[in-house]
Structures are given as structure tokens and as C-alpha cells.
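>>> quick one, fold the following:
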Amino acid sequence: QVQLVESGGGLVQAGDSLRLSCAASGRTFSNYGMGWFRQAPGKDREFVAAITWSVGRTDYADSVKGRFTISRDGAKNTVYLQMDSLKSEDSAVYYCAASSRPFWSGRYRAGGYNYWGQGTQVTVSS
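Prediction:
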């Protein structure tokens, strides 16, 4: 059973930084794809960033390119989302997701992932 546990959310001011962590357990993740999504009140869940566990290939939503960085630590089975220059529009619940299937072509879609964490709240005050 795959478990994903996010942490690191909180309340910050615009321009500040946060680092989210996603601790993964229950499987060997070397062939998995990992992603971060976010969902603000009244909005659909949207793609933020993705990474392939094996080679670390990454991709980002246009809205976060140049500000957010996704990375993984194989020794700790943990995926990170470093968020810099935060804006009020970044406020949302952030979810970690994992895909055990070939996922790169579907990395932007929530349906491309088959495991999800419980989410962590990020609030950016302006």
C-alpha cells in the first residue's frame, strides 16, 4: 500500500518561500512518476510540477516556472517542492501524487496519478 504524506505548508507573506515535502512509503518508487497539484476554494485541482523518480526529468505549470522547483531524494523516499517568490494566487491546498504507470504524457492530469496524499494548506497573504 502506497502512502504519501505531505508536510511543510503554512501561512506566509507574499515574496516569502516555503518547502513542501512528500514522504512516500509502501513501494519502491524508482519507476514511479511524482507530481504536485493544488486546489484553491471553488477551483479545479491544477497541475503544479512533475518529476520522474528514475532520472529526475521535471516539468512545471507556466504559472510557477522560475519560482518553484521540484526535486527528489531517493535515500529518503521524499519529493520536495521548493516555492520561492510566493504570490497570493499560490494559496491553495497542495497535494502530492504518485503514478505507478507510464505517466509523462498525462502528467498534467490528475487522472494520470493513482496515489494521492491528504494535502497541506499553503496560504500567502498579500
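
>>> quick one, strands of this structure?
Here the chain has its strands, by DSSP state E, at 3-7, 10-13, 18-25, 33-39, 46-52, 58-60, 68-73, 78-83, 92-99, 115-116, 120-125.

>>> tilt between the third one and strand 92-99?
Calculated by axes from the mean of the first three to the mean of the last three Cα atoms, to 10 degrees, strand 18-25 forms an angle of 30 degrees with strand 92-99.

>>> direction included, what does strand 18-25 pair up with?
Sheet pairing of strand 18-25 (DSSP bridges) gives strand 3-7 (antiparallel), strand 78-83 (antiparallel).

>>> out of those strands, which is the most enclosed?
strand 78-83 (a mean of 22; mean count of other Cβ atoms under 10 Å). Quick note: C-beta positions are derived from backbone N, CA and C, even for glycine.

>>> quick check, distance from that one to the centre of its chain.
A distance of 7 Å separates the centroid of the chain from that of strand 78-83, by Cα atoms, centre = their mean, to the nearest Å.

>>> report the mean confidence score over it.
Strand 78-83 carries an average pLDDT of 97.

>>> which residues touch it?
Here strand 78-83 makes contact (Cβ atoms under 8 Å, 6 or more residues apart in numbering) with 17-24, 34, 36, 48-49, 51, 64, 67-73, 90, 94, 96, 122.

>>> one more: stretch 4-20?
21-25, 36, 80-88, 94-98, 115-126.

>>> sorry, back to before: so can I have a markdown table of the strands of the chain showing distance to residue 107?
Below are those laid out as a markdown table (distance: least, Cβ to Cβ, whole Å):
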| stretch | distance to residue 107 |
| --- | --- |
| strand 3-7 | 16 |
| strand 10-13 | 27 |
| strand 18-25 | 15 |
| strand 33-39 | 6 |
| strand 46-52 | 4 |
| strand 58-60 | 6 |
| strand 68-73 | 11 |
| strand 78-83 | 14 |
| strand 92-99 | 8 |
| strand 115-116 | 14 |
| strand 120-125 | 21 |
